[in-house]
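**Student:** I'd like to go over a predicted model; first the sequence, then the structure.
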Amino acid sequence: MDLKNSIDKNNLPKHVAIIMDGNGRWAKKQGKLRIFGHNGGVKSVRDTVEGAAEIGIKYLTMYAFSTENWNRPKLEVDALMALLVSSLKDELTTLNKNNIKLNSIGDTSKLPLRVQKNLASVIDQTKNNSRMTLTLALNYGSKSEILTAVKSIASKAKNNELNIDDITESLFSENLYTSNMPDVDLLIRTSGETRISNFLLWQIAYAELIFIEKLWPDFRKDDLFEAILNYQNKERRFGKTSEQLNP
Ligand code: FPP
């Protein structure tokens, strides 16, 4: 079956988010170091980004490094950071060729300077691209994102710049890293784990969650297409009844 052509282009998720999991296990299965799995994962990132752009996804957000990932052995953290720098350098031309804009969410000020520099440079050099926004979550944690928003709103209220009644869902959304993006429609996690791991807690309120057994380095664009077909077969009711949606 041609998965790509079976997708209904009029019912695409606007925003797809991915928890890329299983790199370490993939490497271990082959008797290799964990970083070998992260290297393999880069190929999956490239293929998935390409597939998402091909079918017309507007926002793709990938969990590349969480606030908790600093607790991994220093060797692995350093290798991941080096991989990020080399991938950013390698992919700039492809991003521009495909009209893809790079964006990041998370506290990037805590990343090594060379990562910050490369990231800022690629973001700047792709800022006018409009086909798709690729967001990398780097040193991202959802609880911390929510707390930062709460603090900023509370301080405005304290200084009388804001009335309590002005605090709406949309105002809250505007105070998150994702302020200029729609909420997530489809969240995919690989490697058979069924956790959210502090990723986009507010933004996934109505998302479909799809868990895939494959380890991230084995994930390819066809797996993305299959997940989107699954998504399209679900009825998103947003609290309404099926009868209300299909009178
Ligand atoms: C999860 O697998 C993966 C990560 C924490 C890092 C993801 C990074 C990449 C795919 C490579 C670089 C990314 C970009 C955007 C160029 P895991 O290590 O938790 O695997 P395990 O659960 O099997 O141990």
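**Tutor:** That came in fine, so what should we check first?
**Student:** Ends of stretch 53-69, what's the gap?
**Tutor:** 28 Å (Cα to Cα, to the nearest Å).
**Student:** So is that stretch next to the ligand?
**Tutor:** Yes: interface with the ligand: stretch 53-69 contributes 62, 64, 69 (Cβ under 6 Å from any ligand atom). Where you see a C-beta, it was placed from the backbone N, CA and C, and this is true even at glycine.
**Student:** which residues touch the longest helix along the chain?
**Tutor:** The longest helix of the chain (DSSP state H) is helix 74-97. Outside of helix 74-97, the residues within contact range by Cβ atoms under 8 Å, 6 or more residues apart in numbering are 34-35, 38-39, 42, 45-46, 64-65, 69-70, 101-102, 111-112, 114-115, 118-119, 121-122, 125-126, 129, 134, 138.
**Student:** which neighbours does whichever helix or strand comes after it have in its sheet, and in what orientation?
**Tutor:** Going down the chain from helix 74-97, the next helix or strand is strand 100-105, by DSSP states H and E. If you go by DSSP bridges, strand 100-105 pairs up with strand 132-140 (parallel).
**Student:** what bridges to the spatially closest residue to residue 128 that is not a sequence neighbour?
**Tutor:** Spatial nearest neighbour of residue 128, excluding adjacent residues (Cβ to Cβ, 6 or more residues apart in numbering): residue 101 at 7.7 Å. Note on residue 101: beta-bridge partners by DSSP bridges are residue 133.
**Student:** What is the burial count for residue 101?
**Tutor:** 20 (other Cβ atoms under 10 Å).
**Student:** Strands of the chain, start to end?
**Tutor:** 15-19, 59-66, 100-105, 132-140, 186-189, 208-211 (DSSP state E).
**Student:** Including mean pLDDT, could the ones you listed go into a markdown table?
**Tutor:** Output for the strands of the chain, formatted as a markdown table (pLDDT from 0 to 100):
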| stretch | mean pLDDT |
| --- | --- |
| strand 15-19 | 98 |
| strand 59-66 | 98 |
| strand 100-105 | 98 |
| strand 132-140 | 98 |
| strand 186-189 | 98 |
| strand 208-211 | 98 |
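**Student:** picking that back up, could you rank the residues of stretch 53-69 next to the ligand by neighbour count and give me the top one?
**Tutor:** residue 64 (23 neighbours).
**Student:** Now do the contacts for that residue.
**Tutor:** So residue 64 contacts 20, 84, 136-138 (Cβ under 8 Å, 6+ apart).
**Student:** Quick check: the gap between the closest residue to residue 164 other than its chain neighbours and the ligand.
**Tutor:** Nearest residue to residue 164, sequence neighbours excluded (Cβ to Cβ, 6+ apart): residue 157, at 6.2 Å. Counting by Cβ to the nearest ligand atom, to the nearest Å, the separation of residue 157 from the ligand is 37 Å.
**Student:** Over to residue 153?
**Tutor:** From residue 153 to the ligand the distance is 31 Å (Cβ to the nearest ligand atom).
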